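Enquirer: below is the sequence, then the predicted model.
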Amino acid sequence: MTQIADNDWELFESLYRDPAVISLCFDEPSAFEIKEKFESRLPMWSKTSENWLCLTMTVRETGEKIGITGFQLIDGVANVGYLILPQYHGLGFGTESLKALINWASNEQAITEFSAVVTEGNVGSEKVLVKCGFFLKTVVPNAYEIGGKLYADHIYCIENIVT
């Protein structure tokens, strides 16, 4: 995994436009919103950054970039997220990348708390989180609207990781 760069625009845009990727995450953003999100993730990240640490996932054998993962640090808690191209869903890349991200953040950045918000019905993402040691902390009913329908937010966390 490497921090996102200018030449990752095509991957980033496709992840934010593909219905199979975003259907259980959010409504498709406008072109302006996607570009704004992308540009906000380009500055070099440090532990004092307010921007997301956004890393591209790359298949070792082929060098193909298949998704993004990362987190935004808010009050010492890393709020994680990931998007993967649909042809790579269910193959373990989300779990592998999230475990590596948590390991790096814990060992190199002394981050001990992680959270994730998953939209109700996004079973694949929930399975990834559980495999990585997260537990369901709370459910917020009718918290998020996608396609005119309200969904609950499932809030997961890992606390007190020893570094």
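Expert: Sure thing, it's come through. Numbers count the residues shown, from 1 in each chain.

Enquirer: V77: neighbour count?
Expert: Here the number of neighbours of V77 (other C-beta atoms under 10 Å) works out to 17. Quick note: C-beta positions are derived from backbone N, CA and C, even for glycine.

Enquirer: repeat that for A78.
Expert: 22.

Enquirer: strands paired with the longest strand anywhere in the chain, and their directions?
Expert: The longest strand of the chain (DSSP state E) is strand 135-146. Here strand 135-146 has these sheet partners by DSSP bridges: strand 149-158 (antiparallel).

Enquirer: now the strand it pairs with: mean pLDDT?
Expert: Mean pLDDT, strand 149-158: 96.

Enquirer: only the buried residues of it, if you could.
Expert: Y151, A152, H154, I155, Y156, C157, I158 (16 or more other C-beta atoms under 10 Å).

Enquirer: does the fourth one really touch A143, like I thought?
Expert: No. Counting by C-beta atoms under 8 Å, I155 stays clear of A143, with 9.1 Å between them.

Enquirer: rewinding a little: who touches the longest strand of the chain?
Expert: With C-beta atoms under 8 Å, 6 or more residues apart in numbering as the test, strand 135-146 has contacts from 23-27, 115, 119-120, 126, 150-158.

Enquirer: roughly how far is that strand from the heart of the chain?
Expert: Relative to its parent chain, strand 135-146 has a centroid offset of 16 Å by C-alpha atoms, centre = their mean, to the nearest Å.

Enquirer: list the buried residues of that strand.
Expert: Y144, I146.

Enquirer: angles on the backbone of T48, please.
Expert: phi -90, psi 0 (degrees, to the nearest 10).

Enquirer: tell me what the helix or strand of the chain at the bottom of the mean pLDDT ranking is packed against?
Expert: Among the helical and strand segments of the chain, the one scoring lowest on mean pLDDT, DSSP states H and E is helix 19-22, with a mean of 90. Helices and strands touching helix 19-22, as assessed by 3 or more C-beta pairs under 8 Å, 6 or more residues apart in numbering; DSSP states H and E, comprise helix 9-17, strand 77-84.
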